[in-house]
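Trainee: Show me the folded form of this:
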Amino acid sequence: MKKLAKISASLAALGTLAAANTASAVDWGLGYAANIGLGTQEIRTVAANVINVLLGILGILALIIVLYGGFRWMTAAGNEENIAAAKKTIGAGLVGLIIIFFAYAIVLFVFNVVGNAV
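Mentor: Residues are numbered from 1 along each chain as shown. Just a heads-up that it's a prediction; the model follows:
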């Protein structure tokens with residue numbers, strides 16, 4: 001009988017300890033980023049923002065290439081070789097812009113599909 005009383009007392013103490021432990025919030029370290037000043041956004045949001053910034057920078061670079069080609073054409077002074085080189089530069093810039101627009105569309109589509117899947 002004494003063994004049964006000891007076992008039941010041990011189980012009751014263990015049950016009380018488990019109930020007290022689950023009642024209090026267990027910190028798994030998920031709030032650590034907020035405590036040290038890091039962002040708390042999801043990784044998909046951060047990745048989408050980084051990709052959008054990079055595509056924006058590439059778009060600005062392609063626009064600068066097109067403007068440079070236009071400047072070369074305007075300063076060619078009628079020289080056919082310089083005009084042809086300027087046309088190639090403008091064409092390369094426009095192809096770059098088209099590729100960047102398609103890349104943005106693909107990224108937007110993928111993140112919308114992934115965002116709705118979760």
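
Trainee: Only C-alpha atoms from now on, for both contacts and neighbour counts.
Mentor: Fine.

Trainee: can you give me the helices in the chain?
Mentor: Remark: helices assigned in the chain by DSSP state H are 2-23, 32-35, 43-74, 80-117.

Trainee: gap between the residue positioned nearest the centre of the chain and Gln41?
Mentor: Most central in the chain under CA atoms, centre = their mean is Ala47, positioned 0.8 Å from the mean C-alpha point. Here Ala47 is placed at a distance of 10 Å from Gln41 (CA to CA, to the nearest Å).

Trainee: just Leu108 next, same as before
Mentor: According to CA to CA, Leu108 stands 18 Å off from Gln41.

Trainee: Neighbour count for those two, which is higher?
Mentor: For the pair Leu108 and Gln41, the greater number of neighbours falls to Leu108 (15 against 8), based on other CA atoms under 10 Å.

Trainee: what pLDDT does that one get?
Mentor: Leu108 is assigned a predicted lDDT (pLDDT) of 88.

Trainee: and what of Val46?
Mentor: According to the model, Val46 scores 82 on pLDDT.
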